[in-house]
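>>> this one's structure only:
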């Protein structure tokens, strides 16, 4: 269970940072300290998790549903979300997605190449790789949505 808790806390932190701590406080009605406890890996906070209503409020404003995706992944579920329903104003279609996909993949490989140069991947390098991987995932989801639109 410790691994699951840690995994959820990391995604909770990503959600709060995505929205911004001040905005997160305003949207949830909770203090910075309380929000920090939800993603703290300190022993005294291992059993504290963000309530689902707070997650829903934050994910509505976030660029990506961090916690919902983490919960789905823990259950072996793949999500498809329609970012366009709330924020996406780009209508480039599949061709634009292919270009964005190749650019993002190139950025991921460049980051990996730089990270592995000394034979080890540090925590900061792993975080940068994770950011690039998440960005690549966003592009793939957009591409999937465009392809689904064209198939119907």
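Structure received. What you are looking at is a predicted structure, and each value in this text was computed from that prediction instead of being measured. Numbers count the residues shown, from 1 in each chain.

>>> Which helix or which strand is home to residue 54?
Residue 54 is located in helix 52-61, with elements delineated by DSSP states H and E.

>>> And for residue 95?
Judged by DSSP H and E, residue 95 forms part of helix 93-116.

>>> Between helix 52-61 and whatever helix or strand residue 72 lives in, find me the angle.
Residue 72 belongs to helix 66-74 when assigned by DSSP H and E. Using axes from the mean of the first three to the mean of the last three C-alpha atoms, to 10 degrees, the direction of helix 66-74 lies 110 degrees away from that of helix 52-61.

>>> quick one: buried residues of helix 66-74?
By neighbour count on 16 or more other C-beta atoms under 10 Å, the buried set for helix 66-74 is 66, 67, 68, 69, 70, 71. C-beta coordinates here come from the backbone N, C-alpha and C atoms, glycine included.

>>> wait, which of those is closest to residue 95?
Taking C-beta to C-beta as the measure, residue 95 lies nearest residue 69 of the buried residues of helix 66-74, at 26.5 Å.

>>> Please report the distance of the closest one from residue 137.
Look at residue 69 and residue 137: by C-beta to C-beta, to the nearest Å, they are 9 Å apart.

>>> Likewise for residue 101?
11 Å.

>>> Show me which of the two is the more surrounded one.
Between residue 101 and residue 137, counted using other C-beta atoms under 10 Å, residue 101 has the larger neighbour count: 16 against 13.

>>> Report the angle between the top helix by length along the chain and helix 93-116.
Identified as the longest helix of the chain according to DSSP state H is helix 123-151. Interaxial angle of helix 123-151 relative to helix 93-116 (the same axes, to 10 degrees): 170 degrees.
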